[in-house]
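Peer 1: Any chance you could fold what I've pasted below:
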Amino acid sequence: MGKYFEEFMIGEKIATEKRTITEADIMQFAALTGDDNRIHTDAEFSKTTPFGKQIAHGVLGLSYALGLAWKTGILDGTVIAFREINEWKFVKPVFIGDAIYAEMETTETKALPRIGGGSVKISVEIKNQNGEVCHRGMWTVLMVSKPV
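Peer 2: Numbers count the residues shown, from 1 in each chain. This is a model prediction of the structure:
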């Protein structure tokens, strides 16, 4: 079972496991979204870009980070909704072969009795295997209160 609203403590930090980005991930994401920009899908073209090689879609990294956050178990059965993404920055590209993970820190909680829980703001940094920040921003999730 996940964490209840009341169990989130300001300053609490959680790191996810890592996930390695593959070319197949990028191609499947391109097919799913229709975003087949050659900087993501064409290795030869990508060599001519400032990055020098293929990069993952920015929202692919964000999506995988959400999945990695889910796998921590903190949201399982207690999340009401994912509400907001704020102040999101794509700081550094994610490349094929990068093993990304998310470091999350609870920064704010606000009780919302009308929904039977509250909102939790989480500062997130998505990092690569070298600990370099690739994305950063804030997530807001709505969490259910602990049963009485």
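Peer 1: in what helix or strand does the residue most central in space within the chain lie?
Peer 2: Centroid-nearest residue in the chain: residue 65, 2.8 Å away (criterion: C-alpha atoms, centre = their mean). Element membership of residue 65, judged by DSSP states H and E, is helix 58-71.
Peer 1: quick one: average pLDDT of that helix?
Peer 2: Taken as a whole, helix 58-71 has an average pLDDT of 96.
Peer 1: Could you list every helix and strand in contact with that helix?
Peer 2: In terms of contacts (3 or more C-beta pairs under 8 Å, 6 or more residues apart in numbering; DSSP states H and E), helix 58-71 is packed against strand 19-20, helix 23-33, strand 79-90, strand 99-112, strand 117-127, strand 133-144. (C-beta placed from N, C-alpha, C; glycine too.)
Peer 1: Figure out how far that helix is from the centre of its chain.
Peer 2: Here helix 58-71 shows a centroid-to-chain-centroid distance of 4 Å under the convention C-alpha atoms, centre = their mean, to the nearest Å.
Peer 1: again, but for stretch 41-56
Peer 2: 23 Å.
Peer 1: can you check stretch 65-80 too?
Peer 2: Distance, stretch centre to chain centre, for stretch 65-80: 11 Å (C-alpha atoms, centre = their mean).
Peer 1: what comes into contact with it?
Peer 2: Stretch 65-80 has contacts (C-beta atoms under 8 Å, 6 or more residues apart in numbering) with 1-5, 14, 16-17, 19, 82, 100-102, 104, 115-117, 124, 126, 135, 139, 141-144.
Peer 1: in that stretch, what's buried?
Peer 2: Buried residues in stretch 65-80, counted by 16 or more other C-beta atoms under 10 Å: 65-66, 68-69, 72, 74-75, 78-80.
Peer 1: and if you look at stretch 117-135?
Peer 2: Buried, per 16+ other C-beta under 10 Å, within stretch 117-135: 117-128, 134-135.
Peer 1: which sections of this protein are below the confidence cut-off?
Peer 2: In the prediction, the chain carries no residues with pLDDT under 70.
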